[in-house]
Each structure stands twice: as C-alpha cells, then as structure tokens.
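Enquirer: Quick one, fold the following:
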Amino acid sequence: MIEIAKAVQETSSSEVGKATLDVPEFARELNNEKVVNFEQADRPIYKQIQEVQSEPEDVREKTQIDINREQGDQREAAVLEELTHQYPVEEGYEVTAEQYLRDSDGRIVKDLETGEARRVDFVVLKDGEVVQSIEVTSETAPKDAQLAKEDRIREQGGEWIRHPETHELYRYNDEVKTEVWRRA
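Expert: Numbers count the residues shown, from 1 in each chain. Now for the predicted structure:
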C-alpha cells in the first residue's frame, strides 16, 4: 500500500534533491492513510490539493453529522441509565443495547421489502424473553418506516435477539412492541 504523503515526500527528495523538510505544507497535510483505491491515488496532485483547499465546506457538514452522533449517544446513555434503574439486575432483568432481530436459528433477518436488517437500540430481558424493546430518537425524527420494517421482519420470523455475551437467543414476548422514546 502507498501512503500519499510519504510518496510526495519521496518524490520531492529524489527528483528535486531537497530534504523532506522542504516538502510544501499542503503535501504534509494530505491524508496519509493507506490507499486502497489506486484510481483515486493516481489523480493529479492539483486535484488532491483542490480537495484539501475546499475542505471547510466538508468540515462543516461532518461537524453537523458529528454533533448529531454525539447528541444521539447522549440520548442513548441517558436512556440506558434510566432503564437500568427501572429494571434492576437484582430482580432478574438485563438491559442490552444494539440488538439485531434474528430468526430462531440466530440468523439476522432482513426485510424482504427493503433488504435491510433491523437493530433495536435497547431490549430488556427477563426469564428467557424480551420484555421491553426501545428505540431512542430525537423529538422530531420520523420512525414510522423503521417500525413498519420491524413489523415485517417480525412477521418473517425475526422475533429473537442474541445475547451479546452468552449468544443465547431470547424471544420477543407476543405483547412486546418496540416503543419510541423521544428525547431532546
């Protein structure tokens, strides 16, 4: 694999005869992650420079994505704390996060309509069953399509989750429907 910044430095040193310290500042700041797409790596350096120079717009977009992710993580942490108080381990409950809907053999079930699987934010387990299922989201995010996908998956037999540590399968109680918990 080739590292872009290293390649620029080597080219600069060998062709121009200068030390790597003389490599232009923009070349030092190029992404030096390993290249897995050589077509992208073969792009002329001026195009790579233009991408680096146009980065502020991308940074703003990434920043909003990062903000959304951080807020989502904070919401989920708060709900996890709430659930662990509501469902104490001492009473036989266990709260697990990020569980895929599976069939009775433990295989992840995908919705026939969308081709996608469904991962539920939190499930509460007790006595070999899922007793509560929670999706955490913002106050405004639409969840109807996601819940409809879950209903279709459950109709296809995806009414089990696998314990993340023991790999034991837990079945959804027939009365359990995923609840949407909205948080700011």
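Enquirer: what's the pLDDT at residue 173?
Expert: Note on residue 173: pLDDT of 82.
Enquirer: nearest residue to it other than its sequence neighbours?
Expert: Among residues not flanking residue 173 along the chain, residue 129 sits closest, at 4.9 Å (Cβ to Cβ, 6 or more residues apart in numbering). In this view, the C-beta of every residue, glycine as well, is placed from N, C-alpha and C.
Enquirer: which residues sit in contact with that neighbour?
Expert: Shown in contact with residue 129 (Cβ atoms under 8 Å, 6 or more residues apart in numbering): 170, 171, 172, 173.
Enquirer: next helix or strand past the strand or helix carrying the second one?
Expert: Read it as residue 171. Assigned by DSSP states H and E, residue 171 belongs to strand 169-172. Proceeding N to C from strand 169-172, the next assigned helix or strand is strand 179-182, under DSSP H and E.
Enquirer: how about that next one: buried residues?
Expert: By 16 or more other Cβ atoms under 10 Å, the buried positions in strand 179-182 come out as residue 181.
Enquirer: tell me what that strand is packed against?
Expert: Judged by 3 or more Cβ pairs under 8 Å, 6 or more residues apart in numbering; DSSP states H and E, strand 179-182 is in contact with strand 129-137.
Enquirer: For the strand it packs on, C-alpha coordinates in PDB please.
Expert: Provided in PDB are the C-alpha atoms of strand 129-137 (Å, rounded to 0.1, in the frame of the first residue of the first chain):
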ATOM      1  CA  GLU A 129     -37.800 -13.400  26.900                       C
ATOM      2  CA  VAL A 130     -37.600  -9.800  25.600                       C
ATOM      3  CA  VAL A 131     -40.000  -7.900  27.900                       C
ATOM      4  CA  GLN A 132     -39.400  -4.400  26.500                       C
ATOM      5  CA  SER A 133     -38.000  -3.000  23.300                       C
ATOM      6  CA  ILE A 134     -37.000   0.600  22.900                       C
ATOM      7  CA  GLU A 135     -35.900   2.800  20.100                       C
ATOM      8  CA  VAL A 136     -34.300   6.100  21.200                       C
ATOM      9  CA  THR A 137     -34.500   9.100  18.900                       C
END
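Enquirer: Alright, calling it a day.
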